[in-house]
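> Curious how this folds, go ahead:
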Amino acid sequence: MKSLMPSLLGSLIALLLVSHARAEVPRMPTAIAVPDSGQLPLSSARRAGTEYADLERHGYVEQEFYLQGVAPAIDATGQKILEAPYTTRILVRKPADPARFNGTVVIEPFSWFGERAAGWILTRDYLLRRGYAYVGYTLNINQPPVDPKFISPTPADEAAQIAQYGRIVNFEFMRRFDYARYAPLGGYFDARRFARGEVPDPFTPQSQGIGAQLALLLKSNAADGPLAGLPVQRVYVDSWAVTAQVWMDYLDQGRHQQWRMPDGRALIDAYMTGRMAYGEVGGEVLRVPRQMPADAPFVTVYSQSELMHDVIEGIALPADTDSPQLRYYEVTGIPHLRLADLGTEHTEHVAADVGKGDDPQCRTLYDEPAELVVSALLDGMDHWVRDGKPMPKAPRVVRNGRVAVRDPATGNLQGGVRPPWIQVPSATYLTDQETGCGLIYDTKVAYSPDALRKRYGSFSQYQQAFEAAKRVSVEQGYLLPEDAPGLGTIAKPEDF
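Model (predicted):
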């Protein structure tokens with residue numbers, strides 16, 4: 001046995017050398033401060049709205065840069081077609097005092113609807129108090145003649161999509177918002193040459209290269225970089241809704257292994273994606289990248305809407321594993337979209353807008369604090385990377401074929417991650433697939449006063465049960481201890 005050890009060790013070393021030899025270092029982009037145009041940038045946390053945060057109180061500064069480089073144009077099958085220049089923008093939030101920086105920067109592509117930063121909205125309080133840096137970046141910097149985002153089964157559906165969202169997507173939206181600031185942006189796009197499934201690809205073909213180059217720039221700790229003076233050790237992806245597909249493609253096509261730091265380290269140290277049923281916008285339906293990384297977690301967070309999509313479509317979720325590091329969380333009691341998630345100039349229909357104002361299942365949106373669950377999961381992913389402590393494994397929502405099983409006593413889904421408002425419910429939480437309300441938002445039906453009293457007796461007893469449920473969520477890893485005191489009951493005394 002001893003005589004085999006040198007040979008085995010030599011083979012392992014040779015394998016590592018070969019894998020590093022095949023790895024590529026992406027081109028290094030350039031970051032240039034955006035000249036002041038006299039108004040706040042899109043997605044600014046300093047503007048009143050859904051992305052606002054008191055940066056000054058937390059000791060943070062916000063800066064905007066142009067990001068320029070040359071990146072490959074890659075189609076949905078993973079084929080590189082050409083290399084082309086691009087100019088996009090990044091929005092940086094970082095501790096003003098380097099001593100407050102925890103060594104990790106979170107990157108997120110902005111949504112194509114109003115440049116929304118969903119990951120920031122869901123985790124900003126956590127990021128600010130824990131000393132993270134944050135970098136959001138724009139991918140949709142084109143104005144195609146026929147926008148693939150609006151391609152629909154019928155001309156009427158397409159016209160409705162354009163009427164509702166046409167003003168808040170792509171380059172023209174940004175130029176209208178602030179011409180001086182955003183007119184220089186641009187990248188390669190050709191809908192005729194890039195398809196996803198049977199339709200033009202709505203994702204810009206340079207998306208993967210731009211994300212990799214941004215990570216390289218941040219992790220290289222250049223003296224003139226956008227995080228100069230902050231020693232970056234780790235880069236995490238936090239990508240939600242449609243932009244999550246970009247990072248699924250990145251992993252599935254092996255970019256994590258292909259594109260590396262000059263010393264062979266990973267560009268990205270962890271991936272969190274959420275609220276996206278991969279393949280829903282065309283192409284292959286995947287739930288696990290075929291080329292999973294060996295040195296980074298891949299975490300997906302489903303709301304009730306996405307989990308219901310997979311149940312109805314009969315798509316089985318994979319088992320959670322520690323090697324590779326894979327986690328799927330089906331979080332009950334959170335919707336696909338909340339009022340708190342809307343981007344600049346972004347509006348969505350409510351029940352009255354679609355003729356459902358009198359339907360009791362459609363009248364009440366639910367906007368429970370999903371950010372508390374997501375922040376706890378991001379913290380768990382951080383500990384997995386830094387300390388090697390695996391994230392918790394959650395049970396799946398209970399299925400009966402293509403039906404999600406509901407508890408007859410509460411009306412809510414069984415299984416999954418169960419926040420305190422599901423453990424101790426005061427409403428039945430529904431999805432649009434079940435109600436047919438025709439909304440992007442999901443809705444709930446509150447329990448009547450009689451039902452609340454029958455279930456809990458009094459508000460005081462309900463409150464006690466809710467506090468016990470919070471302790472359970474903290475123990476399970478789905479609520480941070482520092483967030484628990486601020487989580488109040490969903491039902492109020494007057495509801496009893």
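
> hey, C-alpha coordinates of the helix or strand harbouring residue 128 in PDB?
Element membership of residue 128 [criterion: DSSP states H and E] is helix 118-130. Provided in PDB are the C-alpha atoms of helix 118-130 (Å, rounded to 0.1, in the frame of the first residue of the first chain):
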ATOM      1  CA  ALA A 118     -34.400  42.500  -5.400                       C
ATOM      2  CA  GLY A 119     -31.500  41.000  -3.500                       C
ATOM      3  CA  TRP A 120     -30.600  44.400  -1.900                       C
ATOM      4  CA  ILE A 121     -34.300  45.000  -0.900                       C
ATOM      5  CA  LEU A 122     -34.400  41.600   0.800                       C
ATOM      6  CA  THR A 123     -31.100  41.800   2.700                       C
ATOM      7  CA  ARG A 124     -30.100  45.400   3.000                       C
ATOM      8  CA  ASP A 125     -30.600  45.600   6.800                       C
ATOM      9  CA  TYR A 126     -28.500  42.500   7.300                       C
ATOM     10  CA  LEU A 127     -25.800  43.700   4.800                       C
ATOM     11  CA  LEU A 128     -25.400  47.100   6.400                       C
ATOM     12  CA  ARG A 129     -25.200  45.900  10.000                       C
ATOM     13  CA  ARG A 130     -22.700  43.100   9.200                       C
END
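
> immediately after it, which helix or strand?
strand 133-137.

> Residues touching that following strand, excluding its own?
With C-beta atoms under 8 Å, 6 or more residues apart in numbering as the test, strand 133-137 has contacts from 43, 67, 88-95, 101, 104-110, 117, 120, 124, 127, 210-211, 214, 218, 226-227, 230, 232. In short, each C-beta sits where N, CA and C put it, glycine included.

> Can you tell me which of the residues you listed are buried?
43, 67, 88-95, 101, 104-110, 117, 120, 124, 127, 210-211, 214, 218, 226-227, 230, 232 (16 or more other C-beta atoms under 10 Å).

> before we move on, back to that, by contact count, what packs against the helix holding residue 128?
If you count contacts as 3 or more C-beta pairs under 8 Å, 6 or more residues apart in numbering; DSSP states H and E, helix 118-130 packs onto strand 104-109, strand 133-137, strand 234-240, strand 270-274, helix 370-387.

> Can you give the contact residues for that helix?
43, 45, 50-51, 53, 55, 58, 60, 93, 102, 106, 108, 111, 132, 134, 136, 238-241, 272, 274-275, 340-341, 370-371, 374-375, 378-379, 480, 482-483.

> Mind checking which of those are buried?
Buried among those (16+ other C-beta under 10 Å): 43, 45, 50-51, 53, 55, 58, 60, 93, 102, 106, 108, 111, 132, 134, 136, 238-241, 272, 274-275, 341, 370-371, 374-375, 378-379, 480, 483.

> what's the closest non-adjacent residue to residue 447?
Closest residue in space to residue 447, ignoring its immediate chain neighbours: residue 426 at 5.5 Å, by C-beta to C-beta, 6 or more residues apart in numbering.

> Mind pulling the model confidence for that neighbour?
Note for residue 426: predicted pLDDT of 98.

> show me what contacts it?
446, 447, 452, 462, 489, 490, 491, 495.

> Nearest to residue 403 among these?
residue 447 (22.9 Å; C-beta to C-beta).

> Might one say that that closest one is in contact with residue 453?
No: if you go by C-beta atoms under 8 Å, residue 447 and residue 453 don't touch, sitting 9.5 Å apart.

> more neighbours, these two?
residue 447 (21 against 16; other C-beta atoms under 10 Å).

> Look up how far residue 133 lies from that one.
43 Å (C-beta to C-beta, to the nearest Å).

> Using TSV, lay out the helices and strands packed on helix 118-130 together with distance to residue 358.
Converted to TSV, the helices and strands packed on helix 118-130 look like this (distance: least, C-beta to C-beta, whole Å):
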stretch	distance to residue 358
strand 104-109	39
strand 133-137	40
strand 234-240	33
strand 270-274	33
helix 370-387	28
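
> Let me know which of the ones you listed is the nearest to residue 164.
Once the helices and strands packed on helix 118-130 are compared by C-beta to C-beta, strand 234-240 is nearest, at 20.1 Å.

> ok, that closest one: who's next to it in the sheet?
Strand 234-240 has its sheet partners listed here by DSSP bridges as strand 104-109 (parallel), strand 270-274 (parallel).

> So which of these is nearest residue 179?
Here strand 104-109 is closest among the strands paired with strand 234-240 (C-beta to C-beta), at 22.7 Å.

> relative to strand 133-137, how tilted is that closest one?
20 degrees (axes from the mean of the first three to the mean of the last three C-alpha atoms, to 10 degrees).

> Now do strand 104-109: everything it contacts.
So strand 104-109 is in contact with 117-120, 123, 127, 132-139, 207, 211, 214-215, 218, 227, 230, 232-240, 243, 246, 269, 382, going by C-beta under 8 Å, 6+ apart.

> circling back to that earlier point, minimum distance to residue 187: which of the strands paired with strand 234-240 has it?
So among the strands paired with strand 234-240, strand 104-109 is nearest, using C-beta to C-beta, at 12.8 Å.

> For residue 31, grab phi and psi.
phi -110, psi 130 (degrees, to the nearest 10).

> Could you tell me how far it is located from residue 267?
Distance from residue 31 to residue 267, by C-beta to C-beta: 16 Å.

> can I assume residue 360 is in contact with residue 445?
Yes: contact status for residue 360 versus residue 445: in contact at 6.2 Å, counting by C-beta under 8 Å.

> Between those two, which is the more surrounded one?
residue 445 (17 against 12).

> how close does the more buried one get to residue 271?
In terms of C-beta to C-beta, residue 445 sits 36 Å off from residue 271.

> Residue 49 too?
For residue 49 relative to residue 271 (C-beta to C-beta), the value is 28 Å.

> Compare those two (neighbour count), which wins?
residue 271 (24 against 14).

> show me the contacts for that one.
236, 237, 239, 247, 251, 296, 297, 298, 299.

> What are the buried residues along the helix or strand harbouring residue 299?
In this assignment (DSSP H and E), residue 299 forms part of strand 298-302. If you call a residue buried by 16+ other C-beta under 10 Å, then strand 298-302 has these buried ones: 298, 299, 300, 301, 302.

> and the first one, what is it in contact with?
To tie it back to what came earlier, the one meant is residue 298. So residue 298 contacts 251, 271, 273, 288, 289, 292, 324, 325, 326, 327 (C-beta under 8 Å, 6+ apart).

> Please, which helix or strand holds residue 81?
With DSSP H and E as criterion, residue 81 is part of strand 80-95.

> Just the C-alphas of that strand, formatted as CSV.
Extracted as CSV, the C-alpha positions of strand 80-95 are listed here (Å, rounded to 0.1, in the frame of the first residue of the first chain):
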residue,chain,number,x,y,z
LYS,A,80,-19.1,31.6,-27.7
ILE,A,81,-20.0,33.5,-30.9
LEU,A,82,-17.7,36.5,-30.7
GLU,A,83,-15.9,39.0,-28.4
ALA,A,84,-17.3,42.5,-28.3
PRO,A,85,-16.9,45.7,-26.2
TYR,A,86,-19.4,46.9,-23.7
THR,A,87,-20.1,49.8,-21.4
THR,A,88,-22.5,49.3,-18.4
ARG,A,89,-22.8,50.7,-14.9
ILE,A,90,-22.3,49.5,-11.4
LEU,A,91,-23.7,50.9,-8.2
VAL,A,92,-21.4,50.4,-5.2
ARG,A,93,-22.4,50.6,-1.5
LYS,A,94,-19.5,50.1,0.9
PRO,A,95,-18.5,51.0,4.5
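
> Distance from the chain centre to it, please.
18 Å (C-alpha atoms, centre = their mean, to the nearest Å).

> tell me what that strand is packed against?
Short answer (3+ C-beta pairs under 8 Å, 6+ apart): strand 80-95 packs on strand 60-74, strand 133-137, helix 207-219.
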